[in-house]
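>>> Fold the following, please.
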Amino acid sequence: MKKDAVMFAGMAPEREEEFVGNFAMRLSSVQVIPLSWLEPADSPRLEGESVDHIKILSQSNTGFPPIIVQRSTMRVIDGMHRVSAARARGDSEIAAQFFEGDTANAFVLAVQANIAHGLPLSLGDRTKAAERIITSHPQWSDRVISSATGLSARSVSAVRRRVSDLVAQPSVRIGRDGRVRPINASFGRRLIGELLRQRPDASLREIARAAGVAPSTVLKVRKRIEAEEGRTETEESRAGAPRPASRTSPAPNPAPAPTPAVGPDSEAALRKLRKDPSLRLNEAGRTLLHWLSARPHGEAGEHAVSCIPDYQVETVMQLAMMNARAWQRFAEQLKER
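Purely as a prediction, here's the structure:
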């Protein structure tokens with residue numbers, strides 16, 4: 001059997017996931033591969049494999065369900081007990097399915113598989129797994145991570161609060177249906193307002209899809225904006241014509257100062273800020289450092305762009321533009337200070 005032939009055979013065509021994190025939809029058909037090809041698992045089990053469970057499996061005369069293997073690394077995602085039992089029985093091959101995806105998503109799939117069947121994960125295993133998934137997928141909602149780890153959404157929320165000082169949390173979350181939702185309603189209304197102003201000819205459904213909300217919510221925000229603009233126009237008309245200009249010509253507005261470019265010393269400046277105890281020893285300062293560190297640049301920025309699915313590009317672009325404007329206002333406030 002040729003390794004290359006199996007590595008690329010039987011792979012089902014990739015399709016958009018119906019729910020966020022439903023990676024089982026992206027598994028290949030079942031194939032038989034040599035045990036010698038496999039690498040050890042990145043297991044969510046803190047205490048490793050169970051010798052007793054391996055012994056029980058090795059004494060079974062029935063075939064094992066297929067294991068799951070990450071195609072790019074040949075690392076076992078789910079089924080290390082079955083692999084060890086097969087080796088103990090003297091087997092040379094095992095049934096497997098391949099997963100196309102990166103290491104972070106492979107770990108999520110490992111947790112999902114281990115809570116669905118086989119030797120159960122302990123509470124400590126699932127809690128530690130939730131910490132890791134929140135770190136690698138901070139944009140996922142508590143309910144998405146709950147469905148992946150078997151913890152309650154409330155427990156996931158508690159874990160998120162514990163790791164919030166280490167991982168910058170986004171202002172939006174992606175739910176199990178794949179829709180993007182703001183964490184607070186005011187942010188959602190601002191996002192809808194920005195989209196309506198930038199795309200005045202777009203339909204309610206297009207704006208709703210980009211903002212991750214219902215069309216009825218977009219309609220409410222649009223009516224509110226129209227009402228506010230109507231009140232503004234009425235107030236301006238009541239104010240009458242503008243007063244005649246003074247004989248003394250006003251001084252021309254000064255030209256805006258050029259925005260300083262990010263030079264080669266930006267990383268050195270950031271390292272210096274991280275060492276400042278007045279910033280790193282209080283919550284507000286740590287939050288600022290997270291903000292300053294979370295900027296796309298170099299290969300990391302290119303990788304982030306390439307990993308965004310096509311159906312989320314519009315949403316990410318709009319959020320990036322809003323964040324850029326927020327940073328501009330932040331810089332202006334610092335200048336005034």
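
>>> Tell me, what's the model's pLDDT at E18?
Taken from the predicted model, the pLDDT recorded for E18 is 40.

>>> any low-confidence regions in the chain?
Low-confidence regions of the chain, defined by pLDDT under 70, span residues 1-21, 24, 167-172, 176-188, 211-213, 231-265, 297-303, 310-311.

>>> quick one, phi psi at Q70?
Per-residue torsions, Q70: phi -80, psi 120 (degrees, to the nearest 10).

>>> how about the nearest residue to it once chain neighbours are set aside, phi and psi?
By the measure of C-beta to C-beta, 6 or more residues apart in numbering, the closest residue to Q70 outside its immediate chain neighbours is A106, 4.7 Å from it. For every residue, glycine as well, the C-beta is placed using N, CA and C. The phi and psi values for A106, taken as degrees, to the nearest 10, are phi -60, psi -40.

>>> and A106, what is it in contact with?
When the contact criterion is C-beta atoms under 8 Å, 6 or more residues apart in numbering, the partners of A106 are D42, Q70, R75, I77, F99.

>>> Nearest to L289 among those residues?
Closest approach between the contacts of A106 and L289, by C-beta to C-beta: D42, at 29.3 Å.

>>> show me what contacts that closest one?
With contacts defined as C-beta under 8 Å, 6+ apart, D42 is in contact with R75, I77, T103, A106, F107, A110.

>>> One more pass at 10 Å, please.
Under the criterion of C-beta atoms under 10 Å, 6 or more residues apart in numbering, the contact list for D42 reads Q70, T73, R75, V76, I77, M80, T103, A106, F107, A110, R132.

>>> quick one, strands of the stretch 1-150 of the chain?
In the stretch 1-150 of the chain, the segments counted as strands under DSSP state E, counting those that start in this stretch are 31-34, 67-70, 75-78, 93-99.

>>> any chance of those in CSV, with mean neighbour count and distance to M25 too?
Supplementary listing: the strands of the stretch 1-150 of the chain in CSV, determined by neighbours: other C-beta atoms under 10 Å; distance: least, C-beta to C-beta, whole Å:
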stretch, mean neighbour count, distance to M25
strand 31-34, 16, 18
strand 67-70, 24, 13
strand 75-78, 25, 15
strand 93-99, 22, 11
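
>>> D125 is nearest to which of those?
For these, proximity to D125 was assessed by C-beta to C-beta; strand 75-78 is nearest, at 13.7 Å.

>>> For the closest one, which outside residues touch it?
Strand 75-78 is contacted by residues 23, 27, 38-44, 65-70, 82-83, 94, 96-99, 101, 103, 105-114, 116-118 when judged by C-beta under 10 Å, 6+ apart.

>>> How about stretch 150-161?
Stretch 150-161 is contacted from outside by 111-112, 114-116, 120-121, 123, 125-131, 133-135, 138, 140-149, 167, 169, using C-beta under 10 Å, 6+ apart.

>>> if you look at these, which of them are in helices?
Secondary structure defined by DSSP state H assigns 111-112, 114-116, 123, 125-131, 133-135, 142-149 of the contacts of stretch 150-161 to helices.

>>> Tell me the buried residues in stretch 275-293?
Neighbour-count burial for stretch 275-293, with 16 or more other C-beta atoms under 10 Å as criterion, is recorded at L279, G285, R286, L289.

>>> List the contacts of the first one.
Spelled out, it's L279. Neighbouring residues of L279 by C-beta under 10 Å, 6+ apart: L273, G285, R286, T287, L288, L289, L292.
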